[in-house]
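can you look at this prediction? I've put the sequence above it.
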Amino acid sequence: MQKIVFNAHYLMYFDTAVAGYWRALALPYEESMHALGGDLYVRKATLEYEGSARYDDQLHVGMRCERVGSTSLLLRCAAFRGRQRLVAGELVYVFADPATQRPRPVPAALRDLLVGFEQGEPVLDLHVGDWATLGPRASPIRQAVFVQEQQVPAALEADDADAGATHALAVNRLGAAVGTGRLVATAPGVCKLGRMAVLSTVRGAGVGSALLRALSAAARAQGAHTLMLHAQDTAVDFYRRLDFVPQGEVFQEAGIAHQVMSIAL
Ligand SMILES: CC(C)(COP(=O)(O)OP(=O)(O)OC[C@H]1O[C@@H](n2cnc3c(N)ncnc32)[C@H](O)[C@@H]1OP(=O)(O)O)[C@@H](O)C(=O)NCCC(=O)NCCS
């Protein structure tokens with residue numbers, strides 16, 4: 001009746017932004033909490049309503065970790081319409097044993113990650129190397145993305161090119177591998193980028209771009225002047241944003257529409 005957003009909805013907006021916060025940390029939430037031996041429970045949520053959002057408004061939600069206590073985290077959040085702050089909030093999460101919900105000390109690895117991220121430190125380590133070194137950690141990501149998610153037959157996913165390729169692996173601050181890709185020399189001066197895969201839980205947080213930058217640098221170091229790839233139709237815009245140019249017609253590969261794209265190094 002008031003034609004403004006119902007007050008309780010902002011908690012859902014902030015909760016959605018918290019999911020984006022973990023993504024920006026390159027942390028797959030569920031696996032990371034298992035690895036840390038706990039989970040995060042909201043202990044207190046306070047909101048201050050300074051203005052009202054209306055139908056068709058576009059809102060931006062800001063989120064930062066302001067304090068890491070002994071067992072708790074304070075996330076400060078706010079919803080903005082343009083420059084105007086409409087609702088500001090504080091969320092206190094407690095790190096606790098999921099079985100008993102008893103508080104536990106925030107693990108040092110999580111504390112360091114949060115403090116470092118808020119100070120602008122990178123959340124990924126990029127490793128570039130051969131299949132013997134990186135394959136055991138890259139392979140499960142490719143299985144999860146290509147075979148399980150995209151239903152590419154396992155026999156097509158694995159090929160002989162891995163042994164001679166240069167591979168990249170993105171590893172988050174908890175030591176978990178979250179993305180991979182490879183580079184194959186196909187002709188003098190030409191390298192082909194392929195098997196780019198980022199775990200669905202951390203997509204859109206810059207992991208794919210970081211892998212691509214690492215592999216482009218590796219191609220340049222190998223003396224390549226051109227980097228090409230077969231982009232899945234759904235990934236064409238990802239590569240276009242990184243200045244790859246489409247070439248020729250769309251074709252089918254492993255039952256998926258693909259487009260040749262390339263970039264001069
Ligand atoms: C394609 C893929 C590797 C991209 O990795 P990612 O970590 O999500 O990419 P990034 O976060 O670095 O994205 C960089 C930018 O491209 C955008 N983007 C990412 N994927 C996109 C897509 N499929 N279409 C359009 N834009 C995309 C991001 O939003 C981001 O934009 P911004 O800079 O404005 O924020 C990943 O989505 C993936 O593994 N997909 C499934 C497998 C696949 O398609 N592999 C490619 C085979 S050719």
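Sure, I can see it. Keep in mind it's a predicted model, so treat the numbers as computed, not measured. Residues are numbered from 1 along each chain as shown.

and the worst-scoring helix or strand of the chain on mean pLDDT, what's buried?
Across the helices and strands of the chain, the lowest-confidence element by mean pLDDT, DSSP states H and E is helix 154-157, at a mean of 87. By 16 or more other Cβ atoms under 10 Å, the buried positions in helix 154-157 come out as Glu157. Every C-beta, even on glycine, is put in place using the N, C-alpha and C of the backbone.

can you list the strands that the helix or strand that comes right after that helix pairs with?
Using DSSP states H and E, the helix or strand that follows helix 154-157 towards the C-terminus is strand 166-172. Each strand paired with strand 166-172, and its direction, by DSSP bridges: strand 124-129 (antiparallel), strand 177-187 (antiparallel).

residue of this structure nearest the ligand, please.
For the chain and the ligand, the shortest gap (Cβ to the nearest ligand atom) falls at Gly208, measuring 2.2 Å.

what is the orientation angle of the helix or strand where that residue lies with strand 124-129?
According to DSSP H and E, Gly208 maps onto helix 207-221. Put simply, helix 207-221 runs at 40 degrees to strand 124-129, going by axes from the mean of the first three to the mean of the last three Cα atoms, to 10 degrees.

buried residues in helix 207-221?
Applying a neighbour-count criterion of 16+ other Cβ under 10 Å, one finds 207-208, 210-212, 214-216, 218-219 buried in helix 207-221.

what of stretch 179-186?
179-185.

the residues you listed into JSON lines, with extra columns for distance to the ligand and pLDDT?
Conversion of the buried residues of stretch 179-186 to JSON lines gives the following (distance: Cβ to the nearest ligand atom, whole Å; pLDDT from 0 to 100):
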{"residue": "Gly179", "distance to the ligand": "6", "pLDDT": "98"}
{"residue": "Thr180", "distance to the ligand": "9", "pLDDT": "98"}
{"residue": "Gly181", "distance to the ligand": "7", "pLDDT": "98"}
{"residue": "Arg182", "distance to the ligand": "11", "pLDDT": "97"}
{"residue": "Leu183", "distance to the ligand": "13", "pLDDT": "97"}
{"residue": "Val184", "distance to the ligand": "14", "pLDDT": "96"}
{"residue": "Ala185", "distance to the ligand": "18", "pLDDT": "94"}
